[in-house]
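Visitor: Requesting a structural model of the entry that follows:
(one chain, ligands or ions: 1)
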Amino acid sequence: MILAHGGAGSTPMTPVQRDCLVEALTIGFDVLRYGGRALDAVEATIRVLESGLFNAGLGARIQLDGVRRMDASITEGRTLRAGAVAGIERIRHPISAARLVMEKTEHVLLFGKHATRLAEHYKLERQPRVPTSLRKGMAPPKGSQKRTVGLYEEMEERETVGAVALDRDGNVAAGASTGGISYMLPGRIGDSPLIGCGVYADNDAGAVSMTGQGESIIRIAAAKEIVDQLESGTNPMTAARHTLNKLKKRIAGGEAGALVLTSNGRLAIYHNSPQMCAGYWKDSGKPVVYLYFPNRLTGRSLNDTY
Ligand code: ASP
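Guide: Numbers count the residues shown, from 1 in each chain. From the prediction side, this is the model:
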């Protein structure tokens, strides 16, 4: 079973993004169908989503100094192993760099040029340089520019990606990959590479991947909070709703979305943002992709059902 998302926010999903999400779910589901591990399914799914259509990998946002610095993490529930990179540059698939940290080092999180160096050492594919025209970065909008920039963002904005999976052996895994948020100070790091905040997986309970404003998600360690509730028997929808309500109530600007999958195969996609572009593929049938999940998996599609 696999769930994936292309971010929570207010940006409409384009048909190309929807197709990409379907392709990502298909690739992840194939890994599981042929007996592969949840960890491999999560990595394969996120690699597709890092293709440039979302705010991850090739499509990642640029920080205010014009540099693209990306965050990613991957974690698995059998051994509680985890790997993450923060502020990695010029690497096409940050999720694979996160996995290298997990599998080739004794560490959990590497940052900046050190993360890039590890990825280069293992010959991970590089990204082309950010075009000179973009390298100046984007200044925050002021006064009269606000409306124009807001409109531009609505039309162009891409969102973070993530996935969770459950394999035949009952192992869960979670991952996330992002270019961060708009108008970031150089060096800003969000929740996505922080284990327990952006992602968490534990075979005793389930797996979670978060999206939304990282500064809020970090402050309540959202992914771990949801998994803890699963462990004490709360159903996935209630757990996600409880945590996202807390986020909204306690922290101004706490808009977010969560993919939740329990080790015994129950799932929920929940967001308190206007939309969340996400989908799942259960044991049979077809991949399901929606732009909006008003309650559990009976998503309303706004014409974006696959
Ligand atoms: N959580 C990501 C961050 O704050 C952004 C997102 O999910 O849209 O970096």
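Visitor: Helix or strand next in line after the helix of greatest length in the chain, which one?
Guide: Taking DSSP state H as the criterion, the chain has its longest helix at helix 15-33. Towards the C-terminus, the helix or strand next in line after helix 15-33, according to DSSP states H and E, is helix 38-49.
Visitor: And that next one, what does it pack against?
Guide: Here helix 38-49 is seen to pack against strand 2-9, helix 15-33, strand 70-76, helix 94-104, strand 161-166, strand 172-178 when contacts are counted using 3 or more CB pairs under 8 Å, 6 or more residues apart in numbering; DSSP states H and E. In this view, the C-beta of every residue, glycine as well, is placed from N, C-alpha and C.
Visitor: okay, these, which one's buried deepest?
Guide: The highest average neighbour count among the helices and strands packed on helix 38-49, using mean count of other CB atoms under 10 Å, belongs to strand 161-166 at a mean of 34.
Visitor: does the ligand sit close to that strand?
Guide: No. In this structure, strand 161-166 remains apart from the ligand according to CB under 6 Å from any ligand atom; the gap is never smaller than 7.8 Å.
Visitor: what's the angle between that strand and strand 2-9?
Guide: Taking axes from the mean of the first three to the mean of the last three CA atoms, to 10 degrees, one finds that strand 161-166 is oriented at 150 degrees with respect to strand 2-9.
Visitor: Show me what the mean pLDDT comes to for strand 161-166.
Guide: With pLDDT averaged residue by residue, strand 161-166 scores 98.
Visitor: that older thread, and for the longest helix of the chain, what's in contact with it?
Guide: Contacts of helix 15-33 with the rest of the structure, by CB atoms under 8 Å, 6 or more residues apart in numbering, involve 1-2, 4-6, 13, 37-38, 40-42, 44-46, 48-49, 51, 53-54, 158, 163, 165-168, 277-281, 287, 289, 304, 306.
Visitor: repeat that with 6 Å
Guide: Contacting residues not belonging to helix 15-33 are listed as 2, 4, 6, 40-41, 44-45, 48-49, 53, 167, 279, 281, 287, 289, 304, 306 [CB atoms under 6 Å, 6 or more residues apart in numbering].
Visitor: what's around the nearest residue to Arg158 once chain neighbours are set aside, how many residues?
Guide: Using CB to CB, 6 or more residues apart in numbering and skipping the chain neighbours, the partner closest in space to Arg158 is Asn55 (4.1 Å). Here the count is done by other CB atoms under 10 Å, and Asn55 has 26 residues near it.
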